[in-house]
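>>> sharing a model that was predicted from the sequence below.
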Amino acid sequence: MRVTTRLHLHLLSDSTGETLETIAKAALAQFEGVETIKHFWPMIRSGGNLERILDEIAQNPGLVLFTLVNPDTRRTLEQRCRALGLPAVGAIDPVTDALSNMLGQTAVARPGRQHALDAAYFARVDAIQFTIAHDDGIGWENWEEADIVLAGISRTSKTPTSIYLANRGYKVANIPLVVESPPPPSLFRLKNPLVVGLTTNVERLIAVRRNRLLSLNQAPETDYVDQEAVAREVAFARRIFADNGWPVIDVTRRSIEETAAAIINLCNERRQCA
């Protein structure tokens, strides 16, 4: 029987904590059998903030991971953690130190500097808004404004992949391919966006759809999960992809991140999605 280790993880940031959370998630993925209890503390900009958090850390001892640039705040945190016998790790310190040595510069100690409201930030916000407004076949009239259009039958990860790509700054639209309801003709006349077909293994798709029906408390036996019906859907979509010469990505064994990475590689290879 697998033993589960319980870990309190305290994430302290003087900004939004987005970078810190990503690092923690990536590191935790390397370990199995760990029940993680996350304590998330963003926007720590004063000693008063920190004191309240230190009391909470003392009550729930564990690993302390931080991105704090203010030297006084850092010093206080590290001293108190030493007194409690707890590890306190500056998540980006090794990278910052290496860059400082290579560049011959001292890092600018400005909270949230990596999240400055620059043009790239606003472009990403615009991409997210566009993607949400063009989910599931909506807004086909201005798909030409998209960077990427994803096409595929139901439950081929179109929406989550679209949102992930939007967070990377790409304007994405997605369209479900339904045997009984052909997509709008404008889909086949698109010039600017990269159109990508998403497909998957029939058995895997049926399993995903069954879980979806169960979560909605719906009848588990319908054409939506019928072997022959699903096989026809997959074949129908593949014909559309082939007839239009669209690149196809099989998502059967891919995570959302892996699918998105493959799409971005296509963008780069074809010099699209700029």
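On my side now, so go ahead.
>>> hey, let's count contacts and neighbours off CA atoms from now on
Noted.
>>> look at Gly48 and give its secondary structure.
Following DSSP: H, G, I helix; E, B strand; the rest coil, the label given to Gly48 is helix.
>>> now what about the longest helix seen in the chain, what contacts it?
Using DSSP state H to define each element, the chain has its longest helix at helix 227-244. Helix 227-244 is contacted from outside by 152-153, 177-179, 188, 197, 199-200, 202-203, 206, 223-224, 247-248, using CA atoms under 8 Å, 6 or more residues apart in numbering.
>>> if we go to 10 Å?
151-154, 176-180, 188-189, 195-203, 205-206, 222-226, 245-248 (CA atoms under 10 Å, 6 or more residues apart in numbering).
>>> for stretch 24-37, same thing?
Outside stretch 24-37, the residues that touch it by CA under 10 Å, 6+ apart are 2-11, 21, 38, 60, 62, 65, 91.
>>> what do you get for stretch 43-55?
Stretch 43-55 has contacts (CA under 10 Å, 6+ apart) with 10, 12-17, 39-42, 56-57, 59-61, 67-70, 72-74, 76-77, 80-81, 84, 111-112.
>>> please flag which of those residues sit within strands.
Judged by DSSP state E, the contacts of stretch 43-55 include 10, 12-13, 39-41, 67 as members of strands.
>>> can I get the buried part of those as one ChimeraX selection?
In ChimeraX, this line selects whichever of these come out buried by 16 or more other CA atoms under 10 Å:
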select :10,12,13,39,41,67
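>>> narrow the contacts of helix 227-244 to those that are buried.
The neighbour count (16+ other CA under 10 Å) marks 151-154, 176-177, 195-200, 202, 205-206, 224-225, 248 as buried among the contacts of helix 227-244.
>>> tell me which of those residues fall in helices.
202, 205-206.
>>> what's the pLDDT at Tyr121?
pLDDT recorded at Tyr121 is 69.
>>> all strands for this protein, in order.
For the chain, applying DSSP E gives strands covering 5-13, 34-41, 63-67, 88-90, 148-152, 172-176, 194-199, 248-250.
>>> make CSV out of the ones you listed and add distance to Trp140.
Listed next are these as CSV, based on distance: least, CA to CA, whole Å:
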stretch, distance to Trp140
strand 5-13, 41
strand 34-41, 40
strand 63-67, 43
strand 88-90, 46
strand 148-152, 10
strand 172-176, 8
strand 194-199, 13
strand 248-250, 21
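>>> alright, I will stop here.
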